[in-house]
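Visitor: With the sequence up front, the predicted model follows.
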Amino acid sequence: MPASFEQTITLTGDLHARPAGALAVAAAKFASAVSLTVGTSSADAKSVLGVMGLGATSGQHVTVVAQGPDAEEAVATILAILAEATRVGA
Amino acid sequence: MSLDARVGIVLVSHSAELAEGAAALAAQISGGTVAIIPAGGTDERQLGTSAAKVQRAVKLADSGAGVVILPDLGSAVLTVRALLGEAGDLPTPVELADAPFVEGVVAATVAAAGGGDIKAVLAAAEEARHARKL
């Protein structure tokens, strides 16, 4: 059973195309499967179009789940990108 | 192929501006680490396609990991297919993607930036047809 980690962040801004790209590029570097869930929609974090298709906006809760050998690091990395990218004024 | 080599992307559009704009958008979204070479319009920048332009673009896009070509419509596909049929004119593994132009280049470029090989980049481009915007 591979390690699984999960953490939720509340967005302080909308998730635009550029951070969605940065997120997918970063997620691709992990061996773990990484997914994002917003409300009832989920996307593979390694798919930029999937991440953009979530249409995540300010105030929404995004849950990041990773499963695999580097799951903990993957969740931490994706959360940091979400926090930075949606920071007010970023 | 070096560890740092990224799959290159070539955009073949009837319009030089369309290819250049899509390349700029994809470069920004993917972080600017992938070669995205526009090959739009004729050699005189009129609407149309140019096999010579595509050939130059493929050479520029290649860094050893292969090149994925995205055509916009109809005769752009024919131009690329004719070129691929002429053995020896293109020095690297080249794949022609059956994908929507804008979504395809964004998905392909992000996959290349993440270190995906030519099969992964082609698959990312072609999966773009299933992505929902809403």
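Guide: Received the coordinates, thanks.

Visitor: Relative to B:Ala111, how far out is the closest residue to chain B within chain A?
Guide: Nearest to chain B in chain A, going by Cβ to the nearest Cβ, is A:Ala28, at a distance of 2.7 Å. For glycine as for every other residue, the C-beta is placed from the backbone atoms N, C-alpha and C. In this view, A:Ala28 and B:Ala111 are 7 Å apart by Cβ to Cβ, to the nearest Å.

Visitor: what does B:Gly48 give?
Guide: Remark: distance between B:Gly48 and B:Ala111 (Cβ to Cβ) = 29 Å.

Visitor: what about those two, which has more around it?
Guide: B:Ala111 (30 against 18; other Cβ atoms under 10 Å in any protein chain shown).

Visitor: Might you report the residue contacts of the more buried one?
Guide: Contacts here follow Cβ atoms under 8 Å, 6 or more residues apart in numbering or on different chains; on that basis B:Ala111 touches A:28, B:7, B:120-121, B:123-125.

Visitor: what do you get if the cut-off is 6 Å, keeping everything else the same?
Guide: B:120-121, B:124 (Cβ atoms under 6 Å, 6 or more residues apart in numbering or on different chains).

Visitor: Go through the helix or strand bottoming out on mean pLDDT in chain B and flag the buried ones.
Guide: The least trusted helix or strand in chain B, going by mean pLDDT, DSSP states H and E, turns out to be helix B:74-85, with a mean of 92. Residues B:76-77, B:79-80, B:83-84 are the ones in helix B:74-85 that count as buried (16 or more other Cβ atoms under 10 Å in any protein chain shown).

Visitor: In the chain, where is pLDDT below threshold?
Guide: All of this refers to chain A. Filtered on pLDDT under 70, chain A yields the residue ranges A:1, A:88-90.

Visitor: actually it's chain B I care about, not the one you picked
Guide: Ranges of chain B meeting pLDDT under 70: B:1-3, B:87-88.

Visitor: Can you get me a residue count around whichever residue of it sits closest to chain A?
Guide: Here chain B gets closest to chain A at one residue, B:Gly114, 2.7 Å apart by Cβ to the nearest Cβ. Other residues within reach of B:Gly114 by the criterion other Cβ under 10 Å amount to 25.

Visitor: Same question for B:Gly66.
Guide: Around B:Gly66 there are 23 other residues, counting by other Cβ under 10 Å.

Visitor: re the thing from before, CSV for the contacts of B:Ala111, including neighbour count and secondary structure?
Guide: Converted to CSV, those look like this (neighbours: other Cβ atoms under 10 Å in any protein chain shown; DSSP: H, G, I helix; E, B strand; the rest coil):
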residue, neighbour count, secondary structure
B:Ala120, 18, helix
B:Val121, 30, helix
B:Ala124, 29, helix
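
Visitor: I'd like the residues you listed laid out as TSV, including distance to B:Ala39.
Guide: As requested, those are arranged in TSV below (distance: Cβ to Cβ, whole Å):
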residue	distance to B:Ala39
B:Ala120	23
B:Val121	17
B:Ala124	20
